[in-house]
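K.L.:
Kindly return the folded structure for what I paste below:
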Amino acid sequence: MPSDIPLSNPVITRGDAQAVMQAMRVAGSGDAVFPSSLESLVAEAAGRTYGIALASSEQALPTLLHAAGVSPGREVILPALGEPACLRALARLGLTPRFAECDPGTLLPTTEALADALTSDTAAVIMPHGDGWGSTLPDIATACAQKEVPLIEYVGTRIGSRCGGGPAGSLGRAAVLDFSRRSVVSGGEGAVIVTDDRSLADRCRPATYAQCRSPQRADAMPPLAAALALAQMKRLPTIAQACAAAAEQYTIGLAAMPELLLPAITTDTSSSWSRYIVRLDETFASSDRDEIIRGMQRHDIHAAAGLHHLPTAWDPACSESCPVAASVAGRAIALPMHPDLTRRDVDLICQTLQLMVQRATFRRAS
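P.N.:
Now for the predicted structure:
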C-alpha cells in the first residue's frame, strides 16, 4: 500500500531521461533545438501557428499582456474562480482586475456575467478551462470577438483538453500553457504561449539579454526543461488516457457519496484531467473542507483546496464579492491526479475521503 500519494507527479520514463541526456550532450551548440521543437509541437497541438517557450508560467502571462499592448492602469476581466498567477501578472504590470461571477454548474462566467463586467476601460479578458465541469469558453470567445476585446485563454496545466470541438489553446488571440511540475505534461518548469498573430509572437520572444532594457523581459525555457517537456508531449495521448482512466475510477468510487458534487462529463468538452476537483455540498463550511484536507494529509494523501476566490485573494475586503464563487471555492477539494496513479491508489483516496467526510458530518451533528 502506498505511503505517500502526491497531488501531482509527472512520470519520467527512460525515454524522457534519454532526451534530457541528449540535450546535455549538445549544450551550447544546440541550445535552441529543443525549445524550437517544443514550440512547434505545442502550437500544432493547440491548433495555432506560433509558439514561444518561456522559463515559467509566471513570466508567460505578463509577457503576453505586455506584448499585446495592455498598458498600466487598464482593467482586465478575470473569472471570480481562477488562478492566483493571473493576479500576480496583473500586479506586475500595474493592471486592475475586474471579476466576473461564475456559474455554479461550469464554474466559469456566463456571457451575461462577462457583459456585466465589461467596461470602456476593459483591455483584455483572461479565461481558464474548467476541470471536467463543462465550459462556456466558446460563447465567451464569441462575445469577446463581438466587443473587439482580446481574449487570452489560460490553458494552464490542462494541456490536451478540448472545448467546443477544438483543442485547448485554440480560442481567442493567444493562450498560455503551463509545463511546470503541477502539469501532467511537465518540463519541471516552463510555459508556452501560442498564437496565430506573428507580430504578437515576435513581441513575446525573449530579447537578447545584453541588449534588452525592458523590465518585462522574459527568460527563454532552458534546453533541458524543453527537452523533457518535448519528450512528454510526444506521449500526451498515453498520459491523457491514464488520467482519464483515473478520473473515471474516481467518478465510480465517489458517485455514492451524496455529500459530494462531481465533475459532469459533457459531449462538447473533454478534460485532460490535470486536476480532479470535487465539491462538498452546501451544508459544509470552508472550515469543514479544510479539516477534511488535513485529515487526508495525515493519511499521506496530498489533497488541497481546489479553487481560489480571486476577489478575496486580490483584496481581503472583497470577501462578499461574487458570492457564488466564494461559496464554491470554500467547498472545493483537489484530489491527486497524475498518470502514475494505480487503481489501488484511487480506491484508497476514495475510501479516505469518505471517512473524512463522515467524521466532519459527525462533528457537526454532535
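K.L.:
Can you report how many residues lie near A255?
P.N.:
Here the count is done by other CB atoms under 10 Å, and A255 has 11 residues near it. C-beta coordinates here come from the backbone N, C-alpha and C atoms, glycine included.
K.L.:
so what's the closest residue to A100 other than its chain neighbours up against?
P.N.:
Nearest in space to A100, with sequence neighbours left out and distances taken as CB to CB, 6 or more residues apart in numbering, is P109 at 3.8 Å. Contacts were defined as CB atoms under 8 Å, 6 or more residues apart in numbering; by that measure P109 touches P79, A80, A100, E101, C102, D103, A117, M127, T136, I140.
K.L.:
repeat for A264
P.N.:
For A264, counting by CB under 8 Å, 6+ apart, the contacting residues are G105, G132, W133, G134.
K.L.:
Then it would be within a helix, right?
P.N.:
No: residue state for A264 (DSSP: H, G, I helix; E, B strand; the rest coil) corresponds to coil; a helix is not indicated.
K.L.:
Report the separation between it and A100.
P.N.:
In this structure, A264 lies at 21 Å from A100, with CB to CB, to the nearest Å as the measure.
K.L.:
Figure out the helix or strand that L224 lives in.
P.N.:
Secondary structure assignment for L224, by DSSP states H and E: helix 223-233.
K.L.:
Next secondary structure after that helix?
P.N.:
Once helix 223-233 ends, the next helix or strand along the chain (criterion: DSSP H and E) is helix 236-254.
K.L.:
so that following helix versus helix 223-233, what angle?
P.N.:
Using axes from the mean of the first three to the mean of the last three CA atoms, to 10 degrees, the inter-axis angle of helix 236-254 relative to helix 223-233 is 70 degrees.
K.L.:
tell me which residues in helix 236-254 are buried?
P.N.:
Neighbour-count burial for helix 236-254, counted by 16 or more other CB atoms under 10 Å, picks out 236, 239-240, 242-244, 246-247, 249-251, 253-254.
K.L.:
re the thing from before, three-state assignment of the residue nearest to A100?
P.N.:
Here P109 is coil, with the state taken from three-state DSSP.
K.L.:
what's the distance between it and V70?
P.N.:
The spacing between P109 and V70, counted by CB to CB, is 19 Å.
K.L.:
I77 now?
P.N.:
Going from I77 to V70 by CB to CB gives 12 Å.
K.L.:
repeat for S319
P.N.:
27 Å.
K.L.:
Please apply the same query to A32.
P.N.:
Look at A32 and V70: by CB to CB, they are 29 Å apart.
K.L.:
which of the two has more neighbours?
P.N.:
Under the criterion of other CB under 10 Å, the comparison of A32 against V70 puts V70 first, with 21 against 11.
K.L.:
Just give the closest residue to the more buried one, not the sequence neighbours.
P.N.:
Leaving out its chain neighbours, the residue that sits closest to V70 by CB to CB, 6+ apart is A123, at 4.4 Å.
K.L.:
what pLDDT, on average, does the helix or strand harbouring that neighbour get?
P.N.:
Take DSSP H and E as the rule and A123 turns out to sit in strand 122-128. Looking at strand 122-128 alone, the average pLDDT works out to 95.
K.L.:
hmm, who's touching that strand?
P.N.:
Against strand 122-128 from outside (CB under 8 Å, 6+ apart): 61, 65, 68, 70-71, 74-79, 82-83, 86, 95, 98, 108-109, 114, 137, 140, 144, 149-156, 158, 172.
K.L.:
Just after that strand, pick out the following helix or strand.
P.N.:
Past strand 122-128, the next helix or strand by DSSP H and E is helix 137-147.
K.L.:
Which positions within that following helix qualify as buried?
P.N.:
Using 16+ other CB under 10 Å as the burial criterion, the residues of helix 137-147 that qualify are L137, D139, I140, A141, A143, C144.
K.L.:
quick one: which of those residues is nearest to A19?
P.N.:
In terms of CB to CB, no member of the buried residues of helix 137-147 lies closer to A19 than L137, at 32.4 Å.
K.L.:
Now for the nearest residue to that closest one once chain neighbours are set aside, how many residues are close by?
P.N.:
In this structure, L137 finds its nearest non-sequential neighbour in C163, 5.2 Å apart by CB to CB, 6+ apart. For C163, the tally of surrounding residues (other CB under 10 Å) stands at 26.
K.L.:
Now do the contacts for C163.
P.N.:
Applying CB under 8 Å, 6+ apart, we find C163 in contact with H129, S135, L137, P138, L171, D268, T269.
K.L.:
rewinding a little: could you say which of the contacts of A264 is surrounded by the most neighbours?
P.N.:
Using other CB under 10 Å as the contact criterion, the top neighbour count among these goes to G132, which has 26 neighbours.
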